[in-house]
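Trainee: What follows is a predicted structure for the sequence shown.
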Amino acid sequence: MADTDKPLLIKRYASRRLYNTETSDYVTLEDIAGFIRDGREVQIVDLKSGDDLTRQYLLQIIAEHESRGENVLPLGVLTDLVRSYTTQAQSVVPQFLAQSFDMLRESQSKMMENMTAMNPMAKMPGFEALQAQQEAFLKAMTSGMSGWTSGGDAGARPKTSEDADDLDTIKRQLAELQGKLNKMS
C-alpha cells in the first residue's frame with residue numbers, strides 16, 4: 001500500500017504525458033484532480049529538468065473546470081486575484097487564502113463533531129443514516145463543488161440522472177425524518 005502521508009509523485013515526460021510513479025501508469029489531469037479530491041497531495045515534476053510544475057498543473061485543472069461552467073470562484077475573487085499580482089497585497093494574499101481554507105475545513109470538522117457529541121437527537125433511530133447523508137453532502141460541497149462525482153476506482157465522472165435520483169431520495173428521507181421530529185415535539 002502506498003504511503004499517503006507523502007505527496008504522490010507525478011513525472012511529466014518530454015511528450016507532456018504525466019506518469020504516476022506509484023502505479024507505474026499514465027494519468028490525466030482529471031485523474032490528478034480525483035487524487036486531490038480524495039485527499040491526496042500531489043507533486044508534479046518535469047522528468048528532465050526536475051522543475052516543480054505542481055502549481056502550473058493545479059491552475060490548469062482549475063481553469064478547465066471554470067471554463068466548463070463549473071464556477072466555484074466568483075468573478076470578484078478572480079478579479080481580486082489578478083489585482084494581487086500587481087500590488088503590494090501579493091505578499092498577504094497567499095497567507096489569507098490558506099488560512100481561509102484552513103478555517104473552512106476546521107469549521108466543517110467541528111460541525112460534524114458537534115452533530116454527534118452535543119445533539120440529543122443522536123439517540124433517535126435513524127440518526128446515523130441522517131448523519132451519514134449530511135457528511136456525504138458536506139464532502140460533496142467541499143470536494144465535489146465542481147459538478148463531478150466520484151466514480152470509485154474509475155475516478156471522477158459527470159453527474160448523471162442517477163445522481164439526481166439519489167438526491168431526490170435523500171431529500172425525501174430528510175423530509176420524512178423532519179416529519180417524525182415534528183411529531184415527537
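Mentor: Good, I have the coordinates.

Trainee: Any stretches of this structure with poor pLDDT?
Mentor: 1-4, 88-91, 115-124, 136-164, 181-182, 184-185 (pLDDT under 70).

Trainee: so where do the helices sit in it?
Mentor: Ranges of helices in the chain, per DSSP state H, are 29-37, 54-67, 75-84, 93-117, 127-143, 161-184.

Trainee: and the shortest one, what does it pack onto?
Mentor: Helix 29-37 sits against strand 18-20, strand 42-46, helix 54-67, strand 156-158, with contacts defined as 3 or more C-beta pairs under 8 Å, 6 or more residues apart in numbering; DSSP states H and E. Quick note: C-beta positions are derived from backbone N, CA and C, even for glycine.

Trainee: measure the closest residue to Ile61 other than its chain neighbours to Ser67 for me?
Mentor: Nearest residue to Ile61, sequence neighbours excluded (C-beta to C-beta, 6 or more residues apart in numbering): Ala33, at 5.0 Å. Going from Ala33 to Ser67 by C-beta to C-beta, to the nearest Å gives 14 Å.

Trainee: ditto for Ser109
Mentor: For Ser109 relative to Ser67 (C-beta to C-beta), the value is 32 Å.

Trainee: Using the record's assignment, carve the chain into domains.
Mentor: 8-69, 74-118, 119-185 (automatic domain parsing).

Trainee: most tightly surrounded among those?
Mentor: domain 8-69 (a mean of 14; mean count of other C-beta atoms under 10 Å).

Trainee: May I have the distance across that domain, first residue to last?
Mentor: Start to finish, the residues bounding domain 8-69 are 28 Å apart (C-alpha to C-alpha, to the nearest Å).

Trainee: And stretch 66-84, by the same measure?
Mentor: End-to-end distance (C-alpha to C-alpha), stretch 66-84: 20 Å.

Trainee: Could you check how far it is from the centre of its chain?
Mentor: 17 Å (C-alpha atoms, centre = their mean, to the nearest Å).

Trainee: try stretch 62-81
Mentor: 15 Å.

Trainee: Then stretch 44-59?
Mentor: The answer for stretch 44-59 is 21 Å, by C-alpha atoms, centre = their mean.

Trainee: go on, stretch 57-75?
Mentor: That offset, for stretch 57-75, works out to 13 Å (C-alpha atoms, centre = their mean).

Trainee: for that stretch, how far is the first residue from the last?
Mentor: 21 Å.
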